[in-house]
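In: need coordinates for the below:
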Amino acid sequence: RKEKVQFVVNLGDTIDHHIQTFDGVMPLFKLLKAPVYHVIGNHDFDIQPGNEARVLPALGLKDSYYAFAKGRWRFIILDGFELRYPFPSDETLKRESEALYWRLRAQGKEHAQRWNGGISLKQIAWLEHELEEAGKARKNVLVLCHFPVIPEAAHNLWNDTEVVTLLEKHRSVKAYF
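Out: Numbering: from 1, shown residues only. Alright, predicted model coming up:
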């Protein structure tokens, strides 16, 4: 609050193991005078089964991935745990998660870990659209996700290569955190 920042980005893992932990953590964000933008982390979903639907509302999110603008910048927030293990209940996301996870495991990829996740085909299409629109509007883009994409490592986003390839096609992208 003393620094008078324009906004704050929480890069995920707001909680771990207990959905009730949100009750103690979220009021701290409300103490800030600046808007807070939340990124989904894998530990946010490492909770008691049956509570997954409570995560987004607890974070004050309508959608798990979204974008916002500040001046000449477009900030794109990705949900790197949209595809995950255990596989999501949504049939489309479940199929995508299974296919990607088992393909990476068969290839012996270091990041084919149950604690990692990926972004869906729908989210990739949305990301591409956001990047195209930002380019047309001559906005600089900062992409934020809980999982890294480079260098190749054990904690990377499952579809890191696809995301890097997409980001490299757009000159508007200035950084990925």
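
In: in the protein, what residue sits furthest out from the centroid?
Out: residue 2 (28.2 Å; Cα atoms, centre = their mean).

In: which parts of this structure are strands?
Out: Under the criterion DSSP state E, strands of the chain are mapped to 8-10, 36-38, 66-70, 73-77, 83-84, 117-118, 140-144, 173-176.

In: could you list every helix and strand in contact with the worst-scoring helix or strand of the chain on mean pLDDT?
Out: Lowest on mean pLDDT, DSSP states H and E among the helices and strands of the chain sits helix 21-30, with a mean of 94. Where contact means 3 or more Cβ pairs under 8 Å, 6 or more residues apart in numbering; DSSP states H and E, helix 21-30 is packed against helix 55-59. Bear in mind the C-beta positions are built from the backbone N, C-alpha and C, glycine included.

In: circling back: got the phi/psi numbers for the residue farthest from the centre of the chain?
Out: phi -60, psi -30 (degrees, to the nearest 10).

In: now residue 80
Out: Main-chain torsions, residue 80, degrees, to the nearest 10: phi -80, psi 0.

In: ok, now residue 107?
Out: Residue torsions, per degrees, to the nearest 10, at residue 107 are phi -80, psi 0.

In: any low-confidence regions in the chain?
Out: For the chain, no stretch is flagged by pLDDT under 70.

In: from residue 77, how far off is residue 30?
Out: Using Cβ to Cβ, to the nearest Å, we find residue 30 at a distance of 19 Å from residue 77.

In: partners of residue 38 in the sheet?
Out: Beta-bridge partners of residue 38, counted by DSSP bridges, are residue 10.

In: number of nearby residues for residue 137?
Out: 11 (other Cβ atoms under 10 Å).

In: how near is the closest residue to it other than its chain neighbours to residue 130?
Out: Using Cβ to Cβ, 6 or more residues apart in numbering and skipping the chain neighbours, the partner closest in space to residue 137 is residue 74 (7.6 Å). Applying Cβ to Cβ, the value for residue 74 to residue 130 is 7 Å.
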